[in-house]
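[1] Fold the following, please.
(chains A and B)
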2 protein chains.
Amino acid sequence: MSKGFPDVMARLIEGFCKMPGVGVRSAERMAFYVLRAKEADVESLARSITEVKRNVSFCRECNNLSESDLCLMCSEKKRDRSRICVVEGPNGVMAVERTGSYNGLYHVLLGALSPIDGIGPGDIRMGDLVRRAEDPEVKEIIIATDFTTEGQTTALFISKVLGRSRIKVTRLSRGVPEGACVEYADVGTLQRAFEDRRTV
Amino acid sequence: MSKGFPDVMARLIEGFCKMPGVGVRSAERMAFYVLRAKEADVESLARSITEVKRNVSFCRECNNLSESDLCLMCSEKKRDRSRICVVEGPNGVMAVERTGSYNGLYHVLLGALSPIDGIGPGDIRMGDLVRRAEDPEVKEIIIATDFTTEGQTTALFISKVLGRSRIKVTRLSRGVPEGACVEYADVGTLQRAFEDRRTV
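    Have a look, this model is predicted:
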């Protein structure tokens, strides 16, 4: 498809095409952007790509993104080390951090169980979580995987595996979103909100 | 939105976000791709970006993409220099080249007239086309802009401007697409196919 473009341009389009969700048309538009953008923006983009690849990897302890061996959360001394919040990806860490209401550690699975796609416990390094849960300092595992089929499967699996241990395993509650009207909540959400209702 | 990511990662996401059609979520996925892709792929992507910016520019003669002062078409000796095909962008050149039935020169407008967006004749360097049409060697200008409002406006403008000259100005025909059923052609297309019908 990119034949007829100058060679370097075709190579760039090919490169962009390898990214998730980027088709030939989008890749072409991105290549034209590179062609027309300010020199400084382009240099900085190329440099960031190289730097991310070279400097960012995963935290040895929790799998979160990190520029060093241990991530910011794991190396922060004043964090509550008795609680570990399990999320599917680094975006989950950021979402929980934004709430400002959690001060414990994290465990990033980098995925969720999905038998259909052949993703089993080994692929999301479930063993690492089990090993961390064995630390006597840890009292509670808070499962914050998504409420999708995969996320729920993963949550169920974690609770089964760790349920036998002395540890408390909890799951984020489901219910009507903050600021939402009850009449517009979908049936499933409202059912859960009833089940998980709390004394006030 | 990208707060909480390591600094270089946030910078990369910001950089991707500047591209047309790339939102924060897509940019994040692209950044994760960079993180996980093979070292060689990433290096090559960063290098292509820099190279395209440094080496690719526009042909002095026809505005097509080019790695040198004159593009491949303009510098090809055996091209028919009496005809110039006017297209909106480099993709148009490629589309016409793929047909294998045109051996003349091109003129790339790098856009189309769009009064609503404030794009006038100066923005698509119409003067360059008029200057080229003055070359006594040129006998025909074939307008191959899109059949959209902007493309049609541009075609009309070109035919008005060059209509007064000794040059023949033609427009690609409209009609039922090759391989298509007449019963499924839209009204406008079928109307044009009647108007432009030819003796067989």
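
[2] Do you have the helices of chain A handy? List them.
    For chain A, applying DSSP state H gives helices covering A:7-17, A:24-36, A:39-55, A:72-75, A:90-99, A:126-133, A:149-163, A:187-195.

[3] and the angle for the fifth one with helix B:7-17?
    Angle between the axes of helix A:90-99 and helix B:7-17 is 100 degrees (criterion: axes from the mean of the first three to the mean of the last three Cα atoms, to 10 degrees).

[4] again, but for the second one
    Relative orientation of helix A:24-36 versus helix B:7-17 (the same axes, to 10 degrees): 100 degrees.

[5] how about helix A:24-36: buried residues?
    Neighbour counts over helix A:24-36 (16 or more other Cβ atoms under 10 Å in any protein chain shown) mark A:26-35 as buried. For every residue, glycine as well, the C-beta is placed using N, CA and C.

[6] what does the third one give?
    For helix A:39-55, the buried set under the neighbour-count rule, 16+ other Cβ under 10 Å, comprises A:42, A:44-53.

[7] Run a quick neighbour tally on residue A:147.
    The number of residues packed near residue A:147 is 14, by other Cβ atoms under 10 Å in any protein chain shown.

[8] Would you mind measuring from it to residue A:153?
    According to Cβ to Cβ, to the nearest Å, residue A:147 and residue A:153 sit 11 Å apart.

[9] hang on, the earlier thing: within reach of chain B, which of the buried residues of helix A:24-36 are there?
    A:26, A:28-31, A:33-35 (Cβ under 8 Å from any Cβ of the partner chain).

[10] okay, those residues in CSV with pLDDT next?
    As requested, these are arranged in CSV below (pLDDT from 0 to 100):
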residue, pLDDT
A:26, 92
A:28, 91
A:29, 91
A:30, 94
A:31, 93
A:33, 93
A:34, 94
A:35, 90
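
[11] tell me what the strand ranked longest in chain A is packed against?
    Counting residues, the longest strand found in chain A (DSSP state E) is strand A:80-87. Here strand A:80-87 touches helix A:90-99, strand A:104-108, helix A:126-133, strand A:140-143, going by 3 or more Cβ pairs under 8 Å, 6 or more residues apart in numbering or on different chains; DSSP states H and E.

[12] Look at the most centrally placed residue in chain A and report its pLDDT.
    Nearest to the mean C-alpha position of chain A, counting by Cα atoms, centre = their mean, stands residue A:89 at 1.2 Å. With respect to pLDDT, residue A:89 scores 90.

[13] My guess is it contacts residue A:96. True?
    No - with contact defined as Cβ atoms under 8 Å, residue A:89 does not reach residue A:96; the gap is 11.6 Å.

[14] Give me the subset of the buried residues of helix A:39-55 that also touch chain B.
    A:42, A:44-53.

[15] can you count the residues close to residue A:144?
    Neighbours of residue A:144 under the rule other Cβ under 10 Å: 21.

[16] OK, contacts around residue A:181?
    By Cβ atoms under 8 Å, 6 or more residues apart in numbering or on different chains, residue A:181 lies in contact with nothing.

[17] quick one, which of the helices and strands packed on strand A:80-87 is packed in tightest?
    strand A:104-108 (a mean of 24; mean count of other Cβ atoms under 10 Å in any protein chain shown).

[18] quick one: stretch A:119-133 to chain centroid distance?
    Distance of stretch A:119-133 from the chain centroid (Cα atoms, centre = their mean, to the nearest Å) equals 15 Å.

[19] Would you mind writing the CA trace of it as CSV?
    Extracted C-alpha coordinates of stretch A:119-133, given in CSV (Å, rounded to 0.1, in the frame of the first residue of the first chain):
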residue,chain,number,x,y,z
ILE,A,119,-4.1,-16.5,28.9
GLY,A,120,-3.5,-18.6,32.1
PRO,A,121,-2.2,-17.9,35.6
GLY,A,122,1.4,-18.2,34.4
ASP,A,123,1.0,-15.5,31.8
ILE,A,124,0.0,-12.9,34.3
ARG,A,125,2.6,-14.1,36.8
MET,A,126,0.2,-15.1,39.4
GLY,A,127,3.0,-16.9,41.2
ASP,A,128,4.6,-13.5,42.1
LEU,A,129,1.4,-12.4,43.9
VAL,A,130,1.2,-15.7,45.8
ARG,A,131,4.8,-15.3,46.9
ARG,A,132,4.2,-11.7,48.0
ALA,A,133,1.1,-12.8,49.9
